[in-house]
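[1] What follows is a predicted protein model with its sequence.
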Amino acid sequence: MCGTDGNKPVANISNQLTGLDLATTPHLIFYGLLDPLENYQVCVKECPYWETDEYSMSPVAYFDKSKVNTCLYGYAANTANWLAGYCPKLVYKSKSQFNRCIPTANATQIINSIGFQMGTVASALNDLPLAWPEMLVLAIASVVIALIMVAVLKFLANILVYVVVIAAIVGIILANIGLWYTYVTKKIAFDKIDPQFRMDSEENEVWYFLAFAIFVSVISAVILVILIAMWSRLKIVIDLFYEAAEVIGSIPFILLTPFVCFIFLTAFVSYCMVLAAFLLTTKDIRVVQSTDLPFKFVDWTNQEWAKYAWFYVFVAFIWGIEFIFAASEFVIAFAASKVYFDKDSSCPIGKAVYVFLRYHFGTIALGSFIITMVKIPRMILMYIEKKLKGSETDIAKFILKCMTCCLWCLEKILKFINRNTYIITAINGADFCSGAQRAVEILVTNAMRVAALNSVGDFILFLAKLSVSGIVVTIGVFWMKNTKDLDFYFLPLLLVGIFAYFIADCFFDVYEMILDTLLMCFCEDTHRNKDDVDGDIIPTENENLKASATLKRAISHGHDQMNTIRPKKYTPSSKGEKS
């Protein structure tokens, strides 16, 4: 182990290169950058670093400059040993990260020094470290824009839906203009280059922008058609968003749920990484003879029990992540239901956390475990499909695809049921099974209403998330295209767009959960007051409901609009007329 004098010697090795005192060589250097774990690794006194413009040199030249030997233990840094393979082919200027020597050269320099010409890939990877200031600013901008949109919903819910729709339309138009303009300018500039001097990376960049522009245009056309079809139902969403904004106005700290969830996820993932590190180091020592060097090596083999431990950690990892997400959903649902049934309730977030820890820890654990038991087989099938790629028959490939697809659909259905189960549990305090049964009953009884309100509301929330991402990407297109240091900024823009959508998704998922909770609360409230006629709830005729007039109007409006697409019931009158 580098940096310690406590290495114990291993028996049955004649040249005794084990048990060395490495206290003065705390840094680990890798011989092969493309596959470091399968190449030699040597402890060195310091990571290669020199004040020149060079990013690599031979180990012999580096030894002459710094007197640091990077060859295998017991071999001098000379030309003969270098040619014999006892020294690395090149020494890269590096920085110590966790006592590992990580090259500081950019991606293009490393790839070219190894001997590969990766063209577009190299250019894209090279632009990532160069574009980090712009990417950081755009990432911060995505958080600010998402927060502004969430905050504005509280005060301008009646017009923000139209603003979101209009912003989505404008964002779609601007994104298409920006992408097509960039493609045209790059195509014109590429056509002006003499064919003898054209580079493959430049041609690939032009085609990538064309493909991306076509993809965005097709998606934009689909979204615009849906918007036109749903324009008449935007009033429903306005009322629902107003109610959700009222809930957030009553408990503004509910917007901190994504941050708390992220903190717990980070801590849990870090804990699992520590467990994985311990498992990686629990191996048996084995002495093997080198095939190309005249001495033996110490190798480590996995212990038998470690295989089962890896599976245990893997299941716990998936289960833990699903548990954290489910707990977040329960806390939001409980707080929102408290505001619905008791608008004067104090500290609903604190009560939600207490009830979760005191009474429903097992409920959330069971729900998340069910999802885990569906997710793991799907991941196993995907792993098998990857391993058999190229060797499986068409029938086997078709069967694997179908099984994976079926498990994915089952997982989505169970997540939807679990989400509503947590809401019923928050309302009634029921256990998981009773809550799931009641949730399914409500969903089946009010299927048309749930479909109407969820489809419209979820689509508008999707547009809000897309608007945040589109605005950030549009700013990035016009900013990065004027940055001289960036040649291939497609990858930084793609990463920024994905990050912006993820940030918006975290915030607007709170709204989505509140909307679902309000709908389930209304259905359960109506059931308690026995205001049900022919399986369809009539929300405006019972004054005992806890719902506000706005929520009653929104749900009733959604119900009426869904009735317009269903066949009307006809009953014959005494005169033979239809009534």
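    Structure's in. What do you need?

[2] only C-alpha atoms for contact and neighbour calcs from this point on.
    Will do.

[3] What ranges in the stretch 451-579 of the chain fall below the confidence cut-off?
    Applying pLDDT under 70 to the stretch 451-579 of the chain flags residues 452-453, 482-489, 530-579.

[4] any chance you could map the helices in it?
    Taking DSSP state H, counting those that start in this stretch to define them, one finds helices in the stretch 451-579 of the chain at 490-528, 549-563.

[5] Buried ones in whichever strand or helix holds Tyr308, by neighbour count?
    Following DSSP states H and E, the helix or strand that holds Tyr308 is helix 304-341. Along helix 304-341, these residues count as buried under the neighbour rule (16 or more other C-alpha atoms under 10 Å): 313, 315-341.

[6] Return the angle between stretch directions for that helix and helix 490-528.
    For helix 304-341 and helix 490-528, the angle between their directions (axes from the mean of the first three to the mean of the last three C-alpha atoms, to 10 degrees) works out to 60 degrees.

[7] before we move on, the earlier item: could I get the helices of the stretch 451-579 of the chain as a markdown table with distance to Tyr162 and mean neighbour count?
    Formatted as a markdown table, the helices of the stretch 451-579 of the chain follow (distance: least, C-alpha to C-alpha, whole Å; neighbours: other C-alpha atoms under 10 Å):
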| stretch | distance to Tyr162 | mean neighbour count |
| --- | --- | --- |
| helix 490-528 | 17 | 21 |
| helix 549-563 | 16 | 19 |
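
[8] Any chance of a markdown table for these, columns distance to Ile254?
    Below are these laid out as a markdown table (distance: least, C-alpha to C-alpha, whole Å):
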| stretch | distance to Ile254 |
| --- | --- |
| helix 490-528 | 8 |
| helix 549-563 | 20 |
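
[9] Quick one: closest of these to Tyr40.
    Tyr40 lies closest to helix 490-528 among these, at 32.9 Å (C-alpha to C-alpha).

[10] Setting the sequence-adjacent residues aside, check what's closest to His27.
    Nearest non-adjacent residue to His27, counting by C-alpha to C-alpha, 6 or more residues apart in numbering: Asn99, 4.8 Å away.

[11] what residues are up against the one you found?
    Residues counted as contacts of Asn99 (C-alpha atoms under 8 Å, 6 or more residues apart in numbering) are Pro26, His27, Leu28.

[12] From Val42, how far out is the first one?
    Look at Pro26 and Val42: by C-alpha to C-alpha, to the nearest Å, they are 10 Å apart.

[13] ok now the helix holding Tyr308, how far from the chain's centre?
    In terms of C-alpha atoms, centre = their mean, to the nearest Å, the centre of helix 304-341 is set 16 Å apart from its chain centre.

[14] quick one: the following helix or strand past it to helix 304-341, angle?
    As assigned by DSSP H and E, the chain's next helix or strand after helix 304-341 is helix 348-358. Using the same axes, to 10 degrees, the inter-axis angle of helix 348-358 relative to helix 304-341 is 140 degrees.

[15] what packs against helix 348-358?
    helix 304-341 (3 or more C-alpha pairs under 8 Å, 6 or more residues apart in numbering; DSSP states H and E).

[16] Counting neighbours, which bits of the helix or strand harbouring Met382 end up buried?
    Counting by DSSP H and E, the secondary-structure element that holds Met382 is helix 361-387. Residues of helix 361-387 classed as buried under the neighbour-count rule (16+ other C-alpha under 10 Å) are 363-372, 374-376, 378, 381-382, 385.

[17] Report the inter-axis angle for that helix versus helix 348-358.
    Using the same axes, to 10 degrees: helix 361-387 against helix 348-358 is 80 degrees.

[18] next structured bit after helix 361-387?
    helix 394-428.

[19] which residue is nearest the middle of the chain?
    Here the mean C-alpha position of the chain is nearest to the C-alpha of Phe502 (C-alpha atoms, centre = their mean), at a distance of 6.8 Å.

[20] Report the separation between it and Val468.
    Relative to Val468, Phe502 is positioned 10 Å away (C-alpha to C-alpha).

[21] can you check Cys523 too?
    Taking C-alpha to C-alpha, one finds Cys523 at 33 Å from Val468.

[22] Likewise for Ala146?
    Counting by C-alpha to C-alpha - Ala146 and Val468 are separated by 6 Å.

[23] The two: which has the busier surroundings?
    For Ala146 and Val468, the more surrounded residue by other C-alpha atoms under 10 Å is Val468, and the numbers stand at 28 against 24.

[24] export the contacts of Asn99 to TSV and tack on distance to Val260, secondary structure and pLDDT?
    Compiled in TSV, these are given as follows (distance: C-alpha to C-alpha, whole Å; DSSP: H, G, I helix; E, B strand; the rest coil; pLDDT from 0 to 100):
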residue	distance to Val260	secondary structure	pLDDT
Pro26	37	coil	85
His27	37	strand	85
Leu28	37	strand	83
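
[25] Tell me the buried residues within these.
    For the contacts of Asn99, burial is judged from neighbour counts taken by 16+ other C-alpha under 10 Å, and it is met by Pro26, His27, Leu28.

[26] so who does the first one touch?
    By C-alpha under 8 Å, 6+ apart, the contact set of Pro26 is Cys2, Gly3, Thr4, Cys43, Val44, Lys45, Glu46, Asn99.

[27] Just the ones in helices from those residues, please.
    The helices in this structure, assigned by DSSP state H, contain none of the contacts of Pro26.

[28] okay, these in JSON lines with pLDDT next?
    Rendered in JSON lines, the data for these read as follows (pLDDT from 0 to 100):
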{"residue": "Cys2", "pLDDT": "78"}
{"residue": "Gly3", "pLDDT": "72"}
{"residue": "Thr4", "pLDDT": "75"}
{"residue": "Cys43", "pLDDT": "83"}
{"residue": "Val44", "pLDDT": "82"}
{"residue": "Lys45", "pLDDT": "82"}
{"residue": "Glu46", "pLDDT": "81"}
{"residue": "Asn99", "pLDDT": "78"}
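
[29] neighbour-wise, which of those leads?
    In the contacts of Pro26, the most neighbours by other C-alpha under 10 Å go to Cys43, 26 neighbours.

[30] Which strand residues bridge that residue?
    Beta bridges link Cys43 to Leu28, judged by DSSP bridges.

[31] Surely it touches Ile29?
    Yes. The pair formed by Cys43 and Ile29 meets the contact definition of C-alpha atoms under 8 Å, at 6.3 Å.

[32] Mind listing the shared neighbours of these two?
    Taking C-alpha under 8 Å, 6+ apart as the contact rule, Cys43 and Ile29 both touch Thr70.

[33] With Phe462 as the reference, measure out to Ala500.
    Remark: distance between Ala500 and Phe462 (C-alpha to C-alpha) = 13 Å.

[34] before we move on, back to that, to Cys87, which of the helices of the stretch 451-579 of the chain lies closest?
    Between Cys87 and the helices of the stretch 451-579 of the chain, the tightest spacing by C-alpha to C-alpha is seen for helix 490-528, at 36.2 Å.

[35] Show me what that closest one is packed up against.
    The criterion is 3+ C-alpha pairs under 8 Å, 6+ apart, and the helices and strands that helix 490-528 contacts are helix 120-130, helix 132-155, helix 234-250, helix 257-280, helix 304-341, helix 394-428, helix 432-445, helix 447-480.

[36] go again using 6 Å as the cut-off
    Using 3 or more C-alpha pairs under 6 Å, 6 or more residues apart in numbering; DSSP states H and E as the contact criterion, the neighbours of helix 490-528 among helices and strands are helix 447-480.
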